[in-house]
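> Provided below for reference: sequence and predicted model.
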Amino acid sequence: MSGCDSEPNAGQIRDWVGVALRALQRPSAQLTVRLVDMTEMTQLNKRFRGQAGPTNVLSFPFEAPPGMPQPIRQLGDIVVCVPLVEREAAIQAKHIQAHFAHLIVHGVLHLHGHDHQQHDETQEMETLEKDILAQFGIADPYLAA
């Protein structure tokens, strides 16, 4: 996707990813961030999570094919649904770029193995997100607006 006024530019995405990777002590890791529409995200969410409808962000950790060594630097892919992020930001009264930053950082943490299935994992992941986002002057994304 491209052309939406609210879409983050490549420099912003690189900055958010770079700070997240440094916080994880993986400054030389590589990953891909894709910005998609509702149709593509709905298809991805159904295919890979078995869920109907779109979601705001998906992370796909890189897995080397059987018999191939896992590249040390390759983390995987992050896919962000632009229209859904725009809608969520409006509903939650969040600055659109702050919401994009949060979801991209969230995706980077997932690629690094962080999760939020258990309470202690959730606490750890949210603390990291807040610390990383604070470096950009972005407030706690989990506080109600």
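Cool, got the structure. Note that the structure is a prediction, hence the values are computed from the model and not measured.

> residues making contact with the helix or strand of the chain with the lowest mean pLDDT?
When the helices and strands of the chain are scored by mean pLDDT, DSSP states H and E, helix 119-134 comes last with a mean of 89. Outside helix 119-134, the residues within contact range by CB atoms under 8 Å, 6 or more residues apart in numbering are 19-20, 23-24, 98, 101-102, 105-106, 109, 114-116, 139-142. In this view, the C-beta of every residue, glycine as well, is placed from N, C-alpha and C.

> how about the strands in this protein?
For the chain, the strands defined by DSSP state E cover 30-36, 57-61, 74-81.

> any idea how far the most far-flung residue of the chain relative to its centre is from residue 30?
Computed with CA atoms, centre = their mean, the residue of the chain farthest from its C-alpha average is residue 67, at 29.0 Å. Residue 67 sits at a distance of 21 Å from residue 30 (criterion: CB to CB, to the nearest Å).

> cool, and residue 117?
Separation of residue 117 from residue 30 (CB to CB) stands at 26 Å.
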